[in-house]
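Trainee: Kindly return the folded structure for what I paste below:
(4 chains)
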Protein chains: 2
Amino acid sequence: MEEQLKKILLVEDDPNFGIVLKDYLTMNDYEVTHAKNGMEGFEKFKKNDFDLCILDVMMPYKDGFTLAKEIREKNADVPIIFLTAKAMKEDVLKGYKVGADDYLNKPFDSEVLLMKMKAIIQRKATETVADSNEFMFTIGDFELNSKLRFLSYKGQEPEKLSPKENQLLRLLALHVNDLMPRELALTKIWRDDNYFTSRSMDVYIAKLRKYLKLDDKVEILNIHGEGFRLVINE
Amino acid sequence: MEEQLKKILLVEDDPNFGIVLKDYLTMNDYEVTHAKNGMEGFEKFKKNDFDLCILDVMMPYKDGFTLAKEIREKNADVPIIFLTAKAMKEDVLKGYKVGADDYLNKPFDSEVLLMKMKAIIQRKATETVADSNEFMFTIGDFELNSKLRFLSYKGQEPEKLSPKENQLLRLLALHVNDLMPRELALTKIWRDDNYFTSRSMDVYIAKLRKYLKLDDKVEILNIHGEGFRLVINE
DNA sequence: ATATTTGTTAACGTTAGGTTAAACTACACA
DNA sequence: TGTGTAGTTTAACCTAACGTTAACAAATAT
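Mentor: All right, here's what the predicted structure looks like:
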């Protein structure tokens, strides 16, 4: 197995700093894609599978948080590191809410960044079981394309799923016939585990059940106090 | 389901700061053990299962890094957060080398600490989903799946078990044909051994007997004053 | 004989989950 | 500057699931 370079999406509007940082990371064996603003960042994100995103917070058009949220809608797992000029408490908290993996204040030491990147990528590698790149699922007579967020039933017009519907169904599908712990969905999709996110999840379960009613071999069962189970009866 | 408080080991030599931080964390629903130096910290670490360690870097006797290394030797997984007076680059790198999960410079904002703690503990929780295979039991003609809380008999529709039923049957199964002491079940499942929990357990034994009636090779016997015995007659 | 332990059923209070609808939120368009 | 629209959260109401306790019967020990 040959060593695969890790792919980094770097979104940084300051051209000088961006280029310097890109070169530095490239020298250190990362494959860097550089975007100059949030818009461009999102376009490039959609076209590629990245192992890590480094986002500047302060950017014209689309700031780092907004971009992060969009990225999260497409991919709940990819690690994100924020770069920010000064550490404002609100910023830090906001960052963690959208699922930041780390936070660096400019100016920062480049070696520290490298170290953090390494730690985070490794962490994700052990965490990610089979899930990351899989996006086609067969669920009874349904087909889920979680990249396009389509749920299609036999010949019928595919149902368009919202980001949350899609992520939840995908997570259930990854655990077919097995328990999908409530806590797992809440931490992976909602990034917070409290009464309200939990109720929100229940609402989405109801929505998914409605979609899946078409095929009565397929059902989502609850295991009281534990989580849900997507079962396919043969 | 009862809420289990997360256990924190806080090692901080400054008595004032240590107590303030301990109180703050306690108020926020953590169970905090406070050690005043590295030595004491390691002793306490060995005696308990902690969900997270917060270590001051600068301490007499044994600094935070040395302590972290010792902790890592015993437990490669427990998350560690370092507290340090000023961000010296070498320190940060050293911290990441011993496997720090995060780093905070004093003075830091307490809300940020809380947020980081939450994020880190959740992260670890999802990592540890890869459970052991110790949840399938054969009991006569029954099959107990204690992960999905199913008790199935031959071709029949599986019986759904409540959490307590499941835990109790599992514990009995772990001691098949042998005594399962009353006290063991009470401390392991009910976490308290008194008249009422004991009566509650009797109620559950009755419920289990009802389920197990289907197979008359299987029975739960009482050993007066001692406990119960799940026997399988061949 | 009588005190203690266990068997069993039913009632009760609490919490988790199912479902629908209303209220936000962020953006898109005009 | 509103007006719509999709996505999501929050509220509300209801049912189901769970665990504890009480009450009484039966078994067992001393």
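
Trainee: what's near enough to touch A:Phe65?
Mentor: A:Val57, A:Lys94, A:Gly95, A:Val98 (C-beta atoms under 8 Å, 6 or more residues apart in numbering or on different chains). The C-beta positions use only the backbone N, C-alpha and C, and glycine is treated the same way.

Trainee: Among the residues you listed, which ones are in helices?
Mentor: The members of the contacts of A:Phe65 that map onto helices under DSSP state H are A:Lys94, A:Gly95.

Trainee: and which of the contacts of A:Phe65 is nearest A:Thr66?
Mentor: In terms of C-beta to C-beta, no member of the contacts of A:Phe65 lies closer to A:Thr66 than A:Val98, at 9.1 Å.

Trainee: Tell me how many other residues surround the closest one.
Mentor: Counted with other C-beta atoms under 10 Å in any protein chain shown, the neighbours of A:Val98 add up to 18.

Trainee: how does chain A divide up, domain by domain?
Mentor: Per the record, chain A has its domains at A:6-129, A:132-232, by automatic domain parsing.

Trainee: May I see the contacts of A:Phe65 organised as JSON lines, with pLDDT and distance to B:Val176 added?
Mentor: JSON lines is the format used below for the contacts of A:Phe65 (pLDDT from 0 to 100; distance: C-beta to C-beta, whole Å):
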{"residue": "A:Val57", "pLDDT": "86", "distance to B:Val176": "59"}
{"residue": "A:Lys94", "pLDDT": "77", "distance to B:Val176": "54"}
{"residue": "A:Gly95", "pLDDT": "79", "distance to B:Val176": "52"}
{"residue": "A:Val98", "pLDDT": "78", "distance to B:Val176": "50"}
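
Trainee: got the residues of chain A near DNA strand D?
Mentor: Proximity of chain A to DNA strand D (C-beta under 7 Å from any atom of the strand) is limited to residues A:73, A:160, A:162-165, A:190, A:196-197, A:199-200, A:203-204, A:224-225.

Trainee: which among those gets closest to A:Ala119?
Mentor: A:Trp190 (24.4 Å).

Trainee: picking up where we left off before, counting neighbours, which of the contacts of A:Phe65 comes out on top?
Mentor: Using other C-beta under 10 Å as the neighbour test, these are led by A:Gly95, with 23 neighbours.

Trainee: Skip the chain neighbours and tell me the closest residue to that one.
Mentor: Spatial nearest neighbour of A:Gly95, chain neighbours left out: A:Phe82 (4.9 Å); criterion: C-beta to C-beta, 6 or more residues apart in numbering or on different chains.

Trainee: Assumed that neighbour was part of a strand.
Mentor: Yes: under DSSP: H, G, I helix; E, B strand; the rest coil, A:Phe82 sits within a strand.

Trainee: Any idea how many residues pack against it?
Mentor: 24.

Trainee: same check, this time on A:Arg191
Mentor: 18.

Trainee: Distance of the spatially closest residue to it that is not a sequence neighbour relative to DNA strand C?
Mentor: Distances taken as C-beta to C-beta, 6+ apart put A:Gly99 closest to A:Arg191, at 4.8 Å, once the chain neighbours are dropped. Distance, A:Gly99 to DNA strand C, by C-beta to the nearest atom of the strand, to the nearest Å: 16 Å.

Trainee: pLDDT at A:Gly99, what is it?
Mentor: On pLDDT, A:Gly99 comes in at 78.

Trainee: next one: A:Thr138
Mentor: At A:Thr138, the model reports a pLDDT of 96.

Trainee: what do you get for the one 3 residues further on?
Mentor: According to the predicted model, the pLDDT of A:Asp141 comes to 96.

Trainee: For chain A, which segments count as helices?
Mentor: Applying DSSP H to chain A gives helices spanning A:15-27, A:38-47, A:64-74, A:89-97, A:110-127, A:163-174, A:182-185, A:195-212.

Trainee: Lowest average pLDDT across these?
Mentor: helix A:89-97 - the lowest mean pLDDT of the helices of chain A, at a mean of 75.

Trainee: circling back: adding distance to B:Leu104 as columns, could you present the helices of chain A in JSON lines?
Mentor: Formatted as JSON lines, the helices of chain A follow (distance: least, C-beta to C-beta, whole Å):
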{"stretch": "helix A:15-27", "distance to B:Leu104": "24"}
{"stretch": "helix A:38-47", "distance to B:Leu104": "29"}
{"stretch": "helix A:64-74", "distance to B:Leu104": "21"}
{"stretch": "helix A:89-97", "distance to B:Leu104": "11"}
{"stretch": "helix A:110-127", "distance to B:Leu104": "14"}
{"stretch": "helix A:163-174", "distance to B:Leu104": "31"}
{"stretch": "helix A:182-185", "distance to B:Leu104": "26"}
{"stretch": "helix A:195-212", "distance to B:Leu104": "26"}
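
Trainee: between the contacts of A:Phe65, which is nearest DNA strand D?
Mentor: Using C-beta to the nearest atom of the strand, A:Val98 is the member of these that sits closest to DNA strand D, with 11.3 Å.

Trainee: Next up, the contacts around the closest one.
Mentor: Applying C-beta under 8 Å, 6+ apart to A:Val98 gives the contacts A:Phe65, A:Ala68, A:Lys69, A:Arg72, A:Ile80, A:Arg191.

Trainee: Relative to B:Ile81, how far out is it?
Mentor: A:Val98 sits 21 Å away from B:Ile81, going by C-beta to C-beta, to the nearest Å.

Trainee: list the contacts for A:Tyr61?
Mentor: Residues near A:Tyr61 by C-beta under 8 Å, 6+ apart: A:Asn37, A:Gly38, A:Met39.

Trainee: State the distance from the closest residue to A:Ser200 other than its chain neighbours to chain B.
Mentor: Using C-beta to C-beta, 6+ apart and skipping the chain neighbours, the partner closest in space to A:Ser200 is A:Trp190 (7.0 Å). For A:Trp190, the distance to chain B (C-beta to the nearest C-beta, to the nearest Å) stands at 11 Å.

Trainee: so what's the residue positioned nearest the centre of chain A scoring on pLDDT?
Mentor: Centroid-nearest residue in chain A: A:Ala76, 1.8 Å away (criterion: C-alpha atoms, centre = their mean). Note on A:Ala76: pLDDT of 75.

Trainee: Likewise for the one 5 residues further on?
Mentor: Model confidence at A:Ile81, given as pLDDT, is 91.

Trainee: Measure how buried it is and give me the count.
Mentor: 20.

Trainee: does it really touch A:Val57, like I thought?
Mentor: No: A:Ile81 is beyond contact range of A:Val57, at 10.8 Å (criterion: C-beta atoms under 8 Å).

Trainee: Quick one, which of the contacts of A:Tyr61 are buried?
Mentor: Using 16 or more other C-beta atoms under 10 Å in any protein chain shown as the burial test, the contacts of A:Tyr61 include A:Asn37, A:Gly38 as buried.

Trainee: which one of the contacts of A:Tyr61 sits closest to A:Ser152?
Mentor: Nearest to A:Ser152, judged by C-beta to C-beta, of the contacts of A:Tyr61 is A:Met39 at 30.7 Å.
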